[in-house]
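Novice: Got a predicted structure here, sequence first:
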Amino acid sequence: MLGLSAASGVAWAGTAWQSFAGALPRFQQAAIISHDVNQNNSYAQAKLSNVGGDYKLNMNVYDATNNKQVSATYEGADDGTLANFNLDSSSLGHTVNLVAWTANWTVVQVEYSGQFRADS
Amino acid sequence: MKSVSGVNFPGRLRPWVEAAFRGVNTVVVLKRVILSKRTWICFLILLAISLIAALQGATQYSQDRQLIERLDQGYPDSINLISPSHYWLGMSDGFFSSFYHFIFPLLVSIPLADLIFEEWTTGNIVYQLVRMSRRRYYLAKVSATCLCAFALCLLPMLLNMVVVNALVGQWNMSSFSASYAKLVHGTARLADSTSLSQQKELFSGLLEASPYVYAFVYYLINAAYAAAYAFFGLAVSLFIRNRYLIVMAPFILYICVWIAFSLIQLLPWDPFNFLDPRQPVTHLTYAAFVVDFLVLGLAAGVAYVTGVRRHQDVLG
């Protein structure tokens, strides 16, 4: 699907889930874990399949164009969390980033995996 | 049977009870600690961290509140759940809020852990032991150390709460409590699920009553652990002859446990995690607060008694 979109030059359909996986840096540093285009300003959703160990993550959404926070923060997400974000209408038509960080300082990297979409 | 403060105790217990009831020697040690430059420097550092955290918290609160008021119009419960209490020390993700939580075992130990060691090196211990019993001397050191560590940790936390509230101009948290109670009982009208994430696993009832009660309970627990860590440092000082290692010992223990428990995945039992009011890991239990405190207190107590017996030759 990624290949098809890139080849055709078409923006992501807002309702398609974007899979993500990786490891968050130590000491509560934030990282962009996924992105999508906010096409109709309905709720953005993040579905976490797995968070390493007993750790929790905090997540919110930023407008990639001006690096402005456009949602409230979901705190303490763990395995199986489905977070809905009410997005600021200023991000309509823009690419938005899902930003995450661990809920506390950690001495290890925390693995995560899940899916994200800017419009539900 | 002898009488102490109107209560009868067997002779063997008398010195301990007397020290606890009268506390005369504790007061003397307390005075010395309070007048020490090191105590004030550590207190001022803790205070500075808490005040910077307050500034950070108040700024973050204003930004978040503006965003939520714009996003969640028509959802008063979602707006009410963004309250200043969320930005008090230990409750927010601000760097200095976390840093206080990270550094407190070190800063409460610096003026306290080497109290006995200092008197050993200056020879003052001989003068002290001529004037009082050994038990009373060592008991006074423990009680003064624990009391001072408790206050050193607690006061900046309470002050942070006051400063955040003063900066944002809000003292009444009843709207937060009302909305939190609705959230817990599933009757809150919320704009999105980010508000749901505010619900806590432990002490949720306290947060329903008031965030002041919730924070105060956490701060008291943190202060009790500060006292236990300082006591541990005092116990270590009876075995080690290096001042730097003595004052660092509680911090080294705190950090080593943090690293070890992170590696073996025992996160809910690590003080670095469960002492944090944000409740940053899953599977937290009330038992961890009690068990870890008892283990730390017992280890320090056993080491202290062993160390005291080791030094029986002083005026023995």
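Specialist: Perfect, thanks for sending it. A quick note: this is a predicted structure, and the numbers were derived from the prediction, not measured.
Novice: from here on, contacts and neighbour counts on C-alpha atoms
Specialist: Will do.
Novice: Next up, the contacts around the closest residue to B:A288 other than its chain neighbours.
Specialist: Using CA to CA, 6 or more residues apart in numbering or on different chains and skipping residues adjacent in sequence, the residue nearest B:A288 is B:W269, 5.4 Å away. Counting by CA atoms under 8 Å, 6 or more residues apart in numbering or on different chains, B:W269 touches B:F261, B:L284, B:A288, B:D292.
Novice: out of those residues, which are buried?
Specialist: B:F261, B:L284, B:A288 (16 or more other CA atoms under 10 Å in any protein chain shown).
Novice: was I right about the first one contacting B:D270?
Specialist: Yes: here B:F261 reaches B:D270: they are 6.2 Å apart, a contact under CA atoms under 8 Å.
Novice: Identify the residues contacting the helix or strand encompassing B:R32?
Specialist: Using DSSP states H and E, B:R32 maps to helix B:24-35. With contact meaning CA under 8 Å, 6+ apart, helix B:24-35 is reached by B:19, B:39-40, B:111-112, B:136-137, B:139-141, B:143-145, B:148.
Novice: what would those look like in TSV with secondary structure and neighbour count?
Specialist: Formatted as TSV, the contacts of helix B:24-35 follow (DSSP: H, G, I helix; E, B strand; the rest coil; neighbours: other CA atoms under 10 Å in any protein chain shown):
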residue	secondary structure	neighbour count
B:A19	helix	19
B:T39	helix	22
B:W40	helix	15
B:P111	coil	24
B:L112	coil	26
B:R136	helix	21
B:Y137	helix	19
B:L139	helix	19
B:A140	helix	23
B:K141	helix	23
B:S143	helix	21
B:A144	helix	25
B:T145	helix	29
B:C148	helix	24
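Novice: so what's the residue nearest the centre of chain A up against?
Specialist: Using CA atoms, centre = their mean, the residue of chain A that lies closest to the mean C-alpha position is A:L98, 2.6 Å off. By CA under 8 Å, 6+ apart, A:L98 lies in contact with A:I32, A:I33, A:S34, A:H35, A:M59, A:N60, A:V61, A:Y62, A:F116.
Novice: if we can go back for a sec, how about the helix holding B:R32, which residues are buried there?
Specialist: B:N25, B:T26, B:V29, B:L30, B:V33.
Novice: so what pLDDT did A:D119 get?
Specialist: Per-residue confidence (pLDDT) for A:D119: 88.
Novice: Just say helix, strand or coil for it.
Specialist: Secondary structure assignment for A:D119 (DSSP: H, G, I helix; E, B strand; the rest coil): coil.
Novice: Burial check on it, number of neighbours?
Specialist: 23 (other CA atoms under 10 Å in any protein chain shown).
Novice: got it, and B:Q60?
Specialist: Look at B:Q60: counted by other CA under 10 Å, it has 17 neighbours.
Novice: Phi first, then psi, for it.
Specialist: Per-residue torsions, B:Q60: phi -60, psi -40 (degrees, to the nearest 10).
Novice: Leaving out chain neighbours, which residue sits closest to it?
Specialist: Nearest to B:Q60 is B:Y87, by CA to CA, 6+ apart, at 7.7 Å.
Novice: ok, now which ones touch that neighbour?
Specialist: B:A54, B:G57, B:A58, B:Q60, B:Y61, B:V164.
Novice: mind showing which ranges of the chain have poor pLDDT?
Specialist: Picked chain A for this. Within chain A, the segments meeting pLDDT under 70 span A:1-14.
Novice: right idea, wrong chain: chain B
Specialist: B:1-24, B:313-316.
Novice: Swap in 80 and give it another go.
Specialist: Applying pLDDT under 80 to chain B flags residues B:1-26, B:28, B:127-128, B:131, B:311-316.
Novice: can you map out the strands along it?
Specialist: Remark: strands assigned in chain B by DSSP state E are B:2-4, B:7-9.
Novice: After the helix or strand encompassing A:F20, which helix or strand is next? Please name it.
Specialist: Using DSSP H and E, the element containing A:F20 is strand A:18-24. Later in the chain than strand A:18-24, the nearest helix or strand by DSSP H and E is strand A:31-37.
Novice: burial of residue 81, as a residue count?
Specialist: You didn't say which chain, so I picked chain A. Using other CA under 10 Å: A:T81 sits among 17 other residues.
Novice: sorry, should have said chain B
Specialist: B:L81 - counted by other CA under 10 Å - has 24 other residues nearby.
Novice: sorry, back to before: buried subset of the contacts of B:Y87?
Specialist: B:A54, B:G57, B:A58, B:Q60, B:Y61, B:V164.
Novice: Take these and keep only those in helices.
Specialist: B:A54, B:G57, B:A58, B:Q60, B:Y61, B:V164 (DSSP state H).
Novice: The first one contacts B:V164, correct?
Specialist: Yes: counting by CA under 8 Å, B:A54 sits close enough to B:V164 to count as a contact (5.1 Å).
Novice: Residues that sit against both of those two, list them.
Specialist: B:Y87, B:W88.
Novice: ok, the nearest residue to B:N222 once chain neighbours are set aside - how many residues close by?
Specialist: Leaving aside its sequence neighbours, B:N222 sits nearest to B:L275 (CA to CA, 6+ apart; 6.2 Å). Counted with other CA under 10 Å, the neighbours of B:L275 add up to 21.
Novice: ditto for B:N124
Specialist: Neighbour count of B:N124, defined by other CA under 10 Å: 12.
Novice: all helices of the stretch 151-300 of chain B, in order?
Specialist: Counting by DSSP state H, counting those that start in this stretch, the stretch 151-300 of chain B has helices at residues B:174-184, B:204-209, B:211-236, B:243-263, B:271-274, B:286-310.
Novice: near chain A at all, stretch B:244-252?
Specialist: No: judged by CA under 8 Å from any CA of the partner chain, stretch B:244-252 and chain A are separated, with a smallest distance of 14.7 Å.
Novice: typo on my end, stretch B:173-188
Specialist: No: applying CA under 8 Å from any CA, one finds stretch B:173-188 separated from chain A by no less than 14.8 Å.
Novice: Need the contact partners of that stretch.
Specialist: With contacts defined as CA under 8 Å, 6+ apart, stretch B:173-188 is touched by B:77-78, B:80-83, B:85, B:196, B:199, B:207-211.
Novice: Put the alpha carbons of it into CSV.
Specialist: This file holds the C-alpha atoms of stretch B:173-188, laid out as CSV (Å, rounded to 0.1, in the frame of the first residue of the first chain):
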residue,chain,number,x,y,z
MET,B,173,-9.8,22.0,42.9
SER,B,174,-13.4,20.9,43.6
SER,B,175,-14.3,21.1,39.9
PHE,B,176,-11.5,18.7,39.1
SER,B,177,-12.6,16.3,41.9
ALA,B,178,-16.2,16.4,40.7
SER,B,179,-15.3,15.6,37.1
TYR,B,180,-12.8,12.9,38.3
ALA,B,181,-15.5,11.3,40.3
LYS,B,182,-17.8,11.3,37.2
LEU,B,183,-14.9,9.8,35.2
VAL,B,184,-14.5,7.0,37.7
HIS,B,185,-18.2,6.3,37.8
GLY,B,186,-18.5,6.4,34.0
THR,B,187,-20.9,9.4,33.9
ALA,B,188,-18.4,12.1,32.6
